[in-house]
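Trainee: This is the structure alone, sequence omitted:
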């Protein structure tokens, strides 16, 4: 099922000088989307989180992110579009929902969207969105680097998809083009087998402790380096990479986390590469948010990424 969010927010007066997200965003299913638009698509599901024994609530994440984005001011002429939200809340329907998201991402990219931003949902979103990127003409014969800002590897092996399996699923599906970097790993929150799996798969990772010793500029350089040899970049932002006081509304709050200025610098570095075709923002759980704090952080990161993406 696909649901549309009706954008609304603070309306000062008409004119580009008063533009905000809600006054400028295009309904991708109601009107033509120009080439190289930035397109949002939501994936509302708690199933992956529930299967991974996390606290549910991420299904309402896409709506909360859009509400936080709506009144942010627009200072450029980039076209932003909304391709609605794919909603699958029944456990037995997760794989069907993931297939619909894959097909939607592929269609958006093939129809001219420059960058697709998926709004989760749990991290199971990333398996579906990445598969969509691979299905599109952008993924045809191209080398794709994945950069995941996350406290967890999400490399679990399981008979069913969960929020903890997406990057193992990607590694199994494309073993000869698996270029995966995780920035923000919490050592106490990843078992020994997950570190062993990461090493076996050639994963590059930096812990939250190591990132704490870096400046924002040095953290950004990690992203630039990870993207250097790839044709295309997939950036996945798991909001639980941030400290719990910054992002309380997530499925698994971080005790330490990575500071917001570093996370923001890494996001901007990804956008500046000119290779960014897919962004996931996942694990927002509004049920546990405080004053919309986590949703506002998610919105600011999306806003900043879309603002600095190079114009075609």
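Mentor: Received, thanks. Keep in mind that what you see is a predicted model, and the values were worked out from it rather than measured.
Trainee: only C-alpha atoms for contact and neighbour calcs from this point on.
Mentor: Will do.
Trainee: Residue 81 reaches residue 28, doesn't it?
Mentor: Yes. Residue 81 lies in contact with residue 28 (Cα atoms under 8 Å); the separation is 5.6 Å.
Trainee: Need the overlap of contacts for those two.
Mentor: Both residue 81 and residue 28 are in contact with residue 39, where contact means Cα atoms under 8 Å, 6 or more residues apart in numbering.
Trainee: quick one, which of those two is more surrounded?
Mentor: residue 81 (24 against 18; other Cα atoms under 10 Å).
Trainee: So that one versus residue 152, what's the distance?
Mentor: 31 Å (Cα to Cα, to the nearest Å).
Trainee: Do a quick rundown of the helices in the stretch 51-200 of the chain.
Mentor: 61-69, 94-110, 125-135, 166-173, 192-200 (DSSP state H, counting those that start in this stretch).
Trainee: Select, out of these, the one closest to residue 286.
Mentor: helix 61-69 (6.2 Å; Cα to Cα).
Trainee: how far does the closest one sit from the chain's center?
Mentor: 13 Å (Cα atoms, centre = their mean, to the nearest Å).
Trainee: again with stretch 112-132
Mentor: With Cα atoms, centre = their mean as the basis, stretch 112-132 stands 7 Å off its chain's centre.
Trainee: what do you get for stretch 215-222?
Mentor: The answer for stretch 215-222 is 20 Å, by Cα atoms, centre = their mean.
Trainee: Mind listing what's buried along that stretch?
Mentor: Residues of stretch 215-222 classed as buried: 216, 219, 220, 221, 222 (neighbour count, 16 or more other Cα atoms under 10 Å).
Trainee: do the same with stretch 6-25
Mentor: Applying 16+ other Cα under 10 Å to stretch 6-25 flags 7, 19, 20, 21, 22, 23, 24, 25 as buried.
Trainee: got any ranges where the stretch 51-200 of the chain has weak pLDDT?
Mentor: 89-92 (pLDDT under 70).
Trainee: picking that back up, what two of the buried residues of stretch 215-222 have the greatest distance between them?
Mentor: Among the buried residues of stretch 215-222, 216 and 222 lie farthest apart (Cα to Cα), at 10.2 Å.
Trainee: Overlap in contacts, these two.
Mentor: Common neighbours of residue 216 and residue 222 (Cα under 8 Å, 6+ apart) are residue 266.
Trainee: Please enumerate the strands of the stretch 151-300 of the chain.
Mentor: In the stretch 151-300 of the chain, the strands defined using DSSP state E, counting those that start in this stretch lie at 179-185, 204-207, 232-238, 276-282.
Trainee: Figure out which of these is closest to residue 252.
Mentor: Here strand 232-238 is closest among the strands of the stretch 151-300 of the chain (Cα to Cα), at 10.1 Å.
Trainee: what separates the closest one from the chain centre, distance-wise?
Mentor: Offset of strand 232-238 from its chain centre (Cα atoms, centre = their mean): 6 Å.
Trainee: Could you name the helices and strands sitting against that strand?
Mentor: strand 144-149, helix 260-272, strand 276-282 (3 or more Cα pairs under 8 Å, 6 or more residues apart in numbering; DSSP states H and E).
Trainee: Could you export those as CSV, including mean neighbour count?
Mentor: As requested, the helices and strands packed on strand 232-238 are exported to CSV (neighbours: other Cα atoms under 10 Å):
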stretch, mean neighbour count
strand 144-149, 25
helix 260-272, 21
strand 276-282, 26
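Trainee: Tabulate these (a markdown table), appending distance to residue 94.
Mentor: Shown next, in a markdown table, are these (distance: least, Cα to Cα, whole Å):
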| stretch | distance to residue 94 |
| --- | --- |
| strand 144-149 | 22 |
| helix 260-272 | 28 |
| strand 276-282 | 16 |
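Trainee: want to throw the strands of the stretch 151-300 of the chain into CSV with distance to residue 138?
Mentor: Below are those laid out as CSV (distance: least, Cα to Cα, whole Å):
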stretch, distance to residue 138
strand 179-185, 16
strand 204-207, 24
strand 232-238, 8
strand 276-282, 8
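Trainee: so residue 37 makes contact with residue 83?
Mentor: No. In this structure residue 37 lies outside contact range of residue 83 using Cα under 8 Å: 11.4 Å.
Trainee: burial of residue 198, as a residue count?
Mentor: Around residue 198 there are 20 residues (other Cα under 10 Å).
Trainee: do residue 150 as well
Mentor: Count around residue 150 with other Cα under 10 Å applied: 26.
Trainee: I figured it hits residue 183, correct?
Mentor: Yes. Assessed by Cα under 8 Å, residue 150 is found in contact with residue 183 at 6.1 Å.
Trainee: still on that earlier bit, ok, which of the helices of the stretch 51-200 of the chain comes nearest residue 269?
Mentor: Short answer: helix 125-135, nearest of the helices of the stretch 51-200 of the chain by Cα to Cα, at 20.0 Å.
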